[in-house]
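Asker: Coordinates only, no sequence provided:
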């Protein structure tokens, strides 16, 4: 689901835009709705999830529990319902609820409560619930997901002034890091050309992978192939095996330089970024299995209530920040139902691989142990303005 959604949301054909999304926040909600659904809505939700409807709720609970137990990740689910809506006890009992509140019908008052929950569960990174409430809303089922990590090797802050590509001449806030090469840089041979992938290690098992494809490839394609590359879909060459030369892969230069050690080094230059996005899942109803469930002429969830219910809104608000010290991302998804000085000369020469992410690129936040993509996104534009000054040490997260 992440790969399909990322390809659709990031755009292509010159229409690329910055975005961030997390299918890990959508999938459990759809799973909790699939079991009590019937008819075409049940079949479509099951197909979108890739699991049988009868076992979907259990799978959704398992995913939420695994996310919440993972280092650097927190997940929660909240339910708010009208007092007059009689929910099936067996469905409500099967929800892994952090909060079970009441909708009063006063949209302003109800929204204040939902906003407070969203802000509390995302540590203030998302201050408002996605706009799903309406006067006829009968219940809201929402998830909140937060992922954060601190880099094992922090970056220093600098300025980037790209000399080529679409960001040419646009000086922006940048990050610089020099460290061991190890297996952090990989180039994948995909059907669409070489794909450069840099793994930036977090200290808690959450890594962020930066993706750079050929300049003419669309954003959605780069993200989709990057996710496939994580599963070993393509032949891979790691940094130490790359040939010397300029542009040996997208954004990658390999050479021999004066060095204090004989071991290979990796130089990374990238923009810092904060990306925010709001998604209306109804715009891609088929992708999420919601096409029939949106039909308000019929009720689709008899396993939730005897009252006929249809999906009236389904949205996600997400944010991600990549800074000198670490990465953080958050998403709230809701489904509503209604009707130092001069250096000495180094003594050695050693291999140096430099990776530059100074044109549009993708990113994936991935749990190292499971390979689960917690968040995915695209950086279409560099930061609006450079920092006023570049300090000797990191300043933490930008913005």
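Answerer: Done, it's in. Source: prediction; values computed, not measured.
Asker: Sheet-wise, list the partners of the helix or strand where residue 366 lies with their directions.
Answerer: If you go by DSSP states H and E, residue 366 is part of strand 361-367. Using DSSP bridges, the strands paired with strand 361-367 are strand 206-212 (antiparallel), strand 373-379 (antiparallel).
Asker: Quick one: mean pLDDT for stretch 209-223?
Answerer: In this model, stretch 209-223 has a mean pLDDT of 95.
Asker: Now do the buried residues in it.
Answerer: Residues of stretch 209-223 classed as buried: 209-213, 217-223 (neighbour count, 16 or more other CB atoms under 10 Å). In short, each C-beta sits where N, CA and C put it, glycine included.
Asker: In CSV: those residues, plus distance to residue 302.
Answerer: Shown next, in CSV, are the buried residues of stretch 209-223 (distance: CB to CB, whole Å):
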residue, distance to residue 302
209, 43
210, 46
211, 43
212, 49
213, 46
217, 46
218, 42
219, 41
220, 37
221, 41
222, 42
223, 38
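Asker: Out of those residues, the closest to residue 51 would be?
Answerer: Set against residue 51, the nearest of those by CB to CB is residue 223 (23.4 Å).
Asker: tilt between whichever helix or strand the closest one is part of and strand 361-367?
Answerer: Following DSSP H and E, the helix or strand that holds residue 223 is helix 219-230. In terms of direction (axes from the mean of the first three to the mean of the last three CA atoms, to 10 degrees), helix 219-230 departs from strand 361-367 by 40 degrees.
Asker: Low-confidence regions, the protein specifically.
Answerer: For the chain, the stretches flagged by pLDDT under 70 are 13-15, 259-262, 340-348, 384-399.
Asker: What segments of it are helices?
Answerer: All helices of the chain, identified by DSSP state H, fall at 2-10, 23-34, 39-49, 53-69, 89-93, 107-121, 219-230, 285-288.
Asker: Would you mind pulling the contact partners of the fifth one?
Answerer: By that I understand helix 89-93. Around helix 89-93, the neighbours that count as contacts under CB atoms under 8 Å, 6 or more residues apart in numbering are 35-36, 79, 100, 303-304.
Asker: Please parse this structure into its domains.
Answerer: According to automatic domain parsing, the chain comprises the domains 2-149+275-337, 151-272+346-379.
Asker: how far does the longest one stretch from start to finish?
Answerer: Spelled out, that is domain 2-149+275-337. Start-to-end span of domain 2-149+275-337 (CA to CA, to the nearest Å) is 24 Å.
Asker: who's in contact with residue 381?
Answerer: Residue 381 touches 18, 360, counting by CB under 8 Å, 6+ apart.
Asker: Now do the phi/psi pair for it.
Answerer: Per-residue torsions, residue 381: phi -130, psi 150 (degrees, to the nearest 10).
Asker: Residue 27 is in contact with residue 60, correct?
Answerer: Yes: with contacts counted by CB atoms under 8 Å, residue 60 reaches residue 27, the gap being 7.1 Å.
Asker: Now render the strands paired with strand 361-367 as a markdown table, adding distance to residue 129.
Answerer: Below are the strands paired with strand 361-367 laid out as a markdown table (distance: least, CB to CB, whole Å):
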| stretch | distance to residue 129 |
| --- | --- |
| strand 206-212 | 25 |
| strand 373-379 | 19 |
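Asker: Which stretch among these is buried most, on average?
Answerer: strand 373-379 (a mean of 27; mean count of other CB atoms under 10 Å).
Asker: ok, and the closest non-adjacent residue to residue 87?
Answerer: Distances taken as CB to CB, 6 or more residues apart in numbering put residue 305 closest to residue 87, at 5.5 Å, once the chain neighbours are dropped.
Asker: the strands in the stretch 251-399 of the chain, which residues?
Answerer: 252-259, 265-271, 273-280, 310-322, 326-338, 348-357, 361-367, 373-379 (DSSP state E, counting those that start in this stretch).
Asker: which residues pair with the closest residue to residue 153 other than its chain neighbours across the strands?
Answerer: The spatially closest residue to residue 153, leaving aside those adjacent along the chain, is residue 179, at 4.8 Å (CB to CB, 6+ apart). Bridge pairing for residue 179 (DSSP bridges) gives the partners residue 266.
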